[in-house]
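1. pasted the sequence and its predicted model underneath.
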Protein chains: 2
Amino acid sequence: MKRKPSEVPHISIERLILYRRCLLKLSCSEVFHVSSAVLGRITNVKPANIRKDLSYVGEYGKPGYGYEIDKLLAVIEKIIGINKLQRVIVVGVGNIGEALLCYQDWAARGFEIAGAFDKDRRKMGRVINGIEVRGDSEVLPFVKKEGIEIAILATPTEITQSKVNELAHGGMRGFYVFSPIVIDVPGGCYVENIDMISPLEFLVYRLKNKISK
Amino acid sequence: MKRKPSEVPHISIERLILYRRCLLKLSCSEVFHVSSAVLGRITNVKPANIRKDLSYVGEYGKPGYGYEIDKLLAVIEKIIGINKLQRVIVVGVGNIGEALLCYQDWAARGFEIAGAFDKDRRKMGRVINGIEVRGDSEVLPFVKKEGIEIAILATPTEITQSKVNELAHGGMRGFYVFSPIVIDVPGGCYVENIDMISPLEFLVYRLKNKISK
DNA sequence: TAGATTGTTAATCGATTAACAATC
DNA sequence: TAGATTGTTAATCGATTAACAATC
């Protein structure tokens, strides 16, 4: 039963993102099809759960054979919306920002870092992995000219919310934020927020209580 | 109804971690008590959901008044297991590793970076935020001597799994891994794994489908 | 064909939420 | 006391899973 994309459960979308990452790796090693059992072993997801998730996006499996990896990748990318290249910017070029600029798999995952911005004069002009670091004041004209909709914010926590406000005002619609705070955005804007410490705290909990997940 | 810690739903534990982060901030600004309604506004969680989560850890709220922040912090930290200082190591001092070493709130969150390790001779001996970077060969004796149970791995993806194997063999029990791969660990070991790109892909999905969460 | 594996069903399991009596 | 807010209930909502007919 094929649902409209917006009706696919969020948790299934998150797993589809995981499946894709593993499928990309398989397709690099000359594997052409995969069963839910094998993909389940790779991802630690139960085969029935995988088939259920995949059933939301259509019927692409062959009984007795499995799923064709290329076809599956294409349809998952379409559902997620990364079948076309996504151009994003990085704001804040500290250690996290630099790590992002240096990441080698952006293209494979469907993204391009169109620009990087920092307010520190000493960083301006530096070229990291082929990407020039520009001054903060250039960011609004840049995103307008280039039609960028998504920003990755790796700024100091204290200034992150005001940076989001400024960019939202300038038309930015998606924010991927690395500060450990809850971010507010105006209507029509979307934010994903990660706190890199929280999963470590969860790990402590699991360790103490012997919870294998 | 108080359950044993291991019976608190995982998703409630994740929210408790979020509540704690926000409560820590409140307690810094001289706020002494908070209602589920106010905490709900701060965290974007429904008040009923918060009260339900908190009911798993005991009865610490006063009707008409709310929750005493210090008390609540103490009990949440006890449940998660971070009421005592957690000493961890960082393996791999690239950009991500360095960002972790420079993080200023470790102590407030209940952690201490006991040591950092890298196999690059040029990084060995450097002192970052007061933490000396040691050679990779020192890691096993170090963790044995210091009784470290948790390692944060910010290594290149290609070597992460083998590093985990080596450390697990040396007695390490918890692994917090920054590589975008599924990590296998022996029984009795636990792993939390984050892929910094996946949430960005999820953001693209939400943007395309106007899903506010 | 025989073996393998899909897509779907229906039962089970678990999480969320509105409502409200209890109570500070 | 009156107002505010808790902790809990029970209904609702949503996700997981084993099982299996269908089918390549």
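-> Happy to help now that I have it. Numbering: from 1, shown residues only, chains lettered A, B, ... in the order given.

2. contacts for stretch A:67-83?
-> Defining contact as C-beta atoms under 8 Å, 6 or more residues apart in numbering or on different chains, one finds that stretch A:67-83 is touched by A:5, A:8, A:13, A:16-17, A:19-20, A:23-24, A:26-27, A:31-36, A:39, A:54, A:57-58, A:60-62, A:109-111, B:201-202, B:204-205, B:207-209. Placement of C-beta: from N, CA and C, glycine included.

3. kindly recompute the last result at 7 Å.
-> A:5, A:8, A:13, A:16-17, A:19-20, A:23-24, A:26-27, A:31-34, A:57-58, A:60-61, A:110, B:201, B:204-205, B:208 (C-beta atoms under 7 Å, 6 or more residues apart in numbering or on different chains).

4. can you check stretch A:88-108 too?
-> Outside stretch A:88-108, the residues that touch it by C-beta under 7 Å, 6+ apart are A:24, A:111-118, A:123, A:128-129, A:131, A:133, A:139, A:143, A:148, A:150-155, A:163, A:178, B:94-96, B:98-99, B:102.

5. filter these down to the buried ones and hand me the ChimeraX line.
-> To isolate the buried members of the contacts of stretch A:88-108 in ChimeraX, using 16 or more other C-beta atoms under 10 Å in any protein chain shown:
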select /A:24,111,113,114,115,116,117,118,123,128,131,133,139,143,148,150,151,152,153,154,155,163,178 /B:94,95,96,98,99
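
6. from the contacts of stretch A:88-108, which ones fall inside helices?
-> Counted as lying in helices by DSSP state H, out of those, are A:24, A:139, A:143, A:163, B:95-96, B:98-99, B:102.

7. save these as a markdown table, and put in distance to DNA strand C and pLDDT too.
-> Formatted as a markdown table, these follow (distance: C-beta to the nearest atom of the strand, whole Å; pLDDT from 0 to 100):
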| residue | distance to DNA strand C | pLDDT |
| --- | --- | --- |
| A:Leu24 | 18 | 97 |
| A:Val139 | 36 | 98 |
| A:Val143 | 34 | 98 |
| A:Lys163 | 30 | 98 |
| B:Asn95 | 34 | 98 |
| B:Ile96 | 30 | 98 |
| B:Glu98 | 35 | 98 |
| B:Ala99 | 30 | 98 |
| B:Cys102 | 34 | 97 |
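
8. can I get the residues you listed in JSON lines with distance to A:Ile69?
-> Listed next are those as JSON lines, based on distance: C-beta to C-beta, whole Å:
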{"residue": "A:Leu24", "distance to A:Ile69": "9"}
{"residue": "A:Val139", "distance to A:Ile69": "39"}
{"residue": "A:Val143", "distance to A:Ile69": "35"}
{"residue": "A:Lys163", "distance to A:Ile69": "40"}
{"residue": "B:Asn95", "distance to A:Ile69": "32"}
{"residue": "B:Ile96", "distance to A:Ile69": "30"}
{"residue": "B:Glu98", "distance to A:Ile69": "37"}
{"residue": "B:Ala99", "distance to A:Ile69": "35"}
{"residue": "B:Cys102", "distance to A:Ile69": "40"}
